[in-house]
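J.: I need the structure of the sequence given here:
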Amino acid sequence: MTRRQLLFKAAILCIFFLMKIHGLTAQTTNQNQTCRRYFIGSSLFVLSNLNTSQKNAPDYAQLNFGYRITPKDVVSVELKTWKYAWLLGIPYGKSFEAASEKFPGYVRSKGIAIAYQRFIWKGAYAAVHAFNARQTYFDDNNKKIQNGYQLFMTYRLGYHIPLFKNRFFIEPSMAVTHRPIDSNMPAAFAVLNNKWPNYFPFEPGLHFGMKF
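T.: Purely as a prediction, here's the structure:
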């Protein structure tokens with residue numbers, strides 16, 4: 001099971017289960033949501049590291065630090081890293097993680113994302129994430145080839161669900177990702193990269209965190 005499939009199934013289950021919890025905590029949230037302005041969190045993507053048998057293991061890590069400016073406006077900084085051996089824009093289907101689409105090596109991505117989140121109605125929100133990443137390219141022998149830069153944009157719609165008297169939260173979401181800048185990519189990687197769009201629709205997400 002790929003990390004996208006894992007997130008999609010987990011997000012669907014959590015939406016139905018946690019919406020019931022949200023109904024029980026809504027009154028408490030209205031009283032306390034402006035009291036806890038800071039939060040730390042991460043993404044359910046980290047659980048994909050547990051599947052050691054997958055051929056495109058991401059070695060994923062993420063840590064978020066956020067601040068609620070107003071009851072409807074939130075900004076955050078996200079520290080992230082992952083690696084991938086297939087282009088992120090390949091759609092689901094027979095080409096997804098197909099042997100013919102594999103890079104001649106892999107990419108290690110590290111960087112910082114700046115995110116803005118706007119609450120639209122109750123817990124529903126829209127968000128945009130701008131991930132500035134240093135791309136390090138490796139060959140199949142784990143030998144470094146060169147460094148590049150990527151701007152990885154995420155446009156997200158989701159729902160914020162407070163838990164346990166608004167101390168914790170979870171945010172199932174769906175997103176479109178976009179890579180407007182991919183500079184200094186090795187030629188062999190660029191051949192595969194140029195075959196596919198620089199965006200990916202319907203990327204499931206599931207963030208979680210703690211407020212203080």
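
J.: What residues sit buried inside stretch 70-85?
T.: For stretch 70-85, the buried set under the neighbour-count rule, 16 or more other CB atoms under 10 Å, comprises 74, 76, 78, 80-85. Heads up, the C-betas are built off the backbone N, CA and C, glycines and all.

J.: Tell me how far that stretch lies from the chain's centre.
T.: 8 Å (CA atoms, centre = their mean, to the nearest Å).

J.: Kindly report the same for stretch 188-208.
T.: With CA atoms, centre = their mean as the basis, stretch 188-208 stands 12 Å off its chain's centre.

J.: Next step: the buried residues of stretch 70-85 restricted to strands.
T.: Among these, the members falling in strands (DSSP state E) are 74, 76, 78, 80-85.

J.: helix, strand or coil for residue 54?
T.: Here residue 54 is coil, with the state taken from DSSP: H, G, I helix; E, B strand; the rest coil.

J.: Just the helices from this protein, written as ranges.
T.: Using DSSP state H, the helices of the chain run over residues 3-32, 187-193.

J.: which other residues reach the last one?
T.: Yep, that's helix 187-193 we're talking about. Helix 187-193 is contacted from outside by 87, 101, 103-105, 107, 137, 182, 185, using CB atoms under 8 Å, 6 or more residues apart in numbering.

J.: pretty sure residue 136 is touching residue 107, no?
T.: Yes - Residue 136 lies in contact with residue 107 (CB atoms under 8 Å); the separation is 7.0 Å.

J.: Closest to residue 45 out of the contacts of helix 187-193?
T.: residue 107 (16.1 Å; CB to CB).

J.: just to revisit the earlier point, in a markdown table, list the contacts of helix 187-193 along with pLDDT and distance to residue 205.
T.: As requested, those are exported to a markdown table (pLDDT from 0 to 100; distance: CB to CB, whole Å):
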| residue | pLDDT | distance to residue 205 |
| --- | --- | --- |
| 87 | 93 | 19 |
| 101 | 96 | 24 |
| 103 | 97 | 24 |
| 104 | 97 | 30 |
| 105 | 97 | 27 |
| 107 | 98 | 21 |
| 137 | 98 | 26 |
| 182 | 96 | 22 |
| 185 | 97 | 26 |
